[in-house]
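K.L.:
Okay, here's the prediction I keep looking at, along with the sequence it came from:
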Amino acid sequence: MNDVICAILNRASEPRLTAPAPDQATLDAAFQCAFTAPDHALLRPWRYLVIEGEGLHALGELFADSLDANDPNHAERCARVRQSPLRAPMIIVGITSYREHPKVPPVEQAMSAAVGMGYLALALDAAGYGAMWRTGSPAHSDVVEQGLGLADHEKISGFLYVGTVERAKPRVPRPEVADKVSRWPHTDQ
Ligand SMILES: Cc1cc2nc3c(=O)[nH]c(=O)nc-3n(C[C@H](O)[C@H](O)[C@H](O)COP(=O)(O)O)c2cc1C
């Protein structure tokens, strides 16, 4: 099997991450990989924010600001979400920057952004770092979007938590090919 196939087969999301985060050269190479995502009409409908250090605390504050203040468990939830960005030394925010195009509906632009996030995670994993794509309600919050400076035509595709793997998680079982793949039209065998 070639290196690319091995890297894909060995990729895993890693939730337990610690410092160091990737160095700039590794990060640049991973972004170049993300930029090879298939992209109908070459709209480049994506961009990324890299957050580290104090920025992670500021992101936690934004997450807390996005919660419903009328929730009876508000204080406890705020305390929890403030901590959540601190689970990794770096977070890369993937953003879909939707553009008007007669042949490329928004869903195709979101798919291109998603493929980019996948390539980014794969490249970082292959370079020896851990990454985990997370969303949750903050990824769909106006407060978080505004706090991160997104324009009206932009949405968060996800938060990629990135760092050095502290403890690898158990392997996620993958489906059997026959369970997910068939021929069409069906052939009798
Ligand atoms: C769009 C998207 C959002 C996700 N959001 C979360 C999340 O908020 N929390 C979480 O635990 N996993 C989330 N996941 C799943 C993990 O990133 C990961 O894929 C999953 O745990 C399976 O692990 P694996 O990638 O090693 O197969 C999300 C995946 C995608 C594609």
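P.N.:
Yep, that arrived. Fair warning: this is a prediction, and the values are worked out from it, not measured in the lab.

K.L.:
Name the SS class of residue 22, please.
P.N.:
When classified by DSSP: H, G, I helix; E, B strand; the rest coil, residue 22 comes out as coil.

K.L.:
Next one: the nearest residue in space to it that is not next to it in sequence, what pLDDT does it get?
P.N.:
Nearest residue to residue 22, sequence neighbours excluded (Cβ to Cβ, 6 or more residues apart in numbering): residue 129, at 5.1 Å. All C-beta atoms are positioned from the backbone trio N, CA, C, and that covers glycine. On the pLDDT scale, residue 129 is placed at 98.

K.L.:
Same question for residue 188.
P.N.:
66.

K.L.:
Repeat that for residue 62.
P.N.:
Looking at residue 62, the pLDDT reads 98.

K.L.:
for the helix or strand hosting it, packing partners?
P.N.:
Applying DSSP states H and E as the criterion places residue 62 in helix 54-65. Applying 3 or more Cβ pairs under 8 Å, 6 or more residues apart in numbering; DSSP states H and E, one finds that helix 54-65 makes contact with helix 74-83, helix 142-147.

K.L.:
for the ligand, what are the nearby residues on the chain?
P.N.:
Contact residues (Cβ under 6 Å from any ligand atom) of the chain with the ligand: 12-13, 132-136, 158, 172.

K.L.:
want to try JSON lines for these, with secondary structure and pLDDT as columns?
P.N.:
Output for the residues of the chain next to the ligand, formatted as JSON lines (DSSP: H, G, I helix; E, B strand; the rest coil; pLDDT from 0 to 100):
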{"residue": "12", "secondary structure": "coil", "pLDDT": "98"}
{"residue": "13", "secondary structure": "coil", "pLDDT": "98"}
{"residue": "132", "secondary structure": "strand", "pLDDT": "98"}
{"residue": "133", "secondary structure": "strand", "pLDDT": "98"}
{"residue": "134", "secondary structure": "strand", "pLDDT": "98"}
{"residue": "135", "secondary structure": "coil", "pLDDT": "98"}
{"residue": "136", "secondary structure": "coil", "pLDDT": "96"}
{"residue": "158", "secondary structure": "strand", "pLDDT": "98"}
{"residue": "172", "secondary structure": "coil", "pLDDT": "96"}
